[in-house]
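Enquirer: compute the structure for the input listed below.
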Amino acid sequence: MKFILGVIFVLFNASYSFSQIDNTVLLDSIQSNSDETYFYFSSNESFIAGANSYVLHIGAKPFLLNEHPNGNLSRLIFKVPTNDFEALKMNAEIVLVYGFYHSNTQQDGEGNLTNGYVGMHWILGQLQDFKNK
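Expert: This next block holds a predicted model:
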């Protein structure tokens, strides 16, 4: 019985550690025109496509509209209305999250929410770090 429990424990931990592969996500550039601002992301692994969606958080503002250019799963482009982009604070933190979680929409740095982001996420820096990229 101890052997069986040991095998189950090892298999569970092996699959858990495998699912925790550290993939790198980069914000490559931000480009604007009169209507939309585009955030270009890349990853050393494929972005997950299908069941859930990625959410771009800039300060307290979540953005949902994104696509994989030409079906390339290692690239992700978010489209943000230029008016919304221009209203963002330059010191706003940029975070990419896999999945929409209501508590993540309250991460404005002004309240008392200090427990961080829920779900798989990447903290990429502040908007001012990428403004001229």
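Enquirer: for the closest residue to residue 44 other than its chain neighbours, give its distance to residue 62.
Expert: Once flanking residues are discounted, residue 44 sits nearest to residue 24: 4.8 Å by Cβ to Cβ, 6 or more residues apart in numbering. For glycine as for every other residue, the C-beta is placed from the backbone atoms N, C-alpha and C. From residue 24 over to residue 62 the distance is 22 Å, taken as Cβ to Cβ, to the nearest Å.
Enquirer: now residue 30
Expert: 17 Å.
Enquirer: repeat for residue 37
Expert: 15 Å.
Enquirer: so where is the protein shaky, pLDDT-wise?
Expert: For the chain, the stretches flagged by pLDDT under 70 are 1-23, 100-115, 131-133.
Enquirer: burial check on the closest residue to residue 58 other than its chain neighbours, number of neighbours?
Expert: The spatially closest residue to residue 58, leaving aside those adjacent along the chain, is residue 92, at 4.9 Å (Cβ to Cβ, 6+ apart). For residue 92, the count of nearby residues is 17 (other Cβ atoms under 10 Å).
Enquirer: residue 54 is in contact with residue 95, isn't it?
Expert: No - contact criterion Cβ atoms under 8 Å: residue 54 and residue 95 do not qualify, at 10.7 Å.
Enquirer: need the overlap of contacts for these two.
Expert: Shared contacts of residue 54 and residue 95 (Cβ atoms under 8 Å, 6 or more residues apart in numbering): none.
Enquirer: wait, residue 85 touches residue 31, no?
Expert: No - in this structure, residue 85 is not within contact of residue 31 by Cβ under 8 Å, at 10.7 Å.
Enquirer: so what sits against both of those two?
Expert: Residues within reach of residue 85 and of residue 31 at once, by Cβ under 8 Å, 6+ apart, are residue 37.
Enquirer: more crowded one of these two?
Expert: residue 85 (18 against 12).
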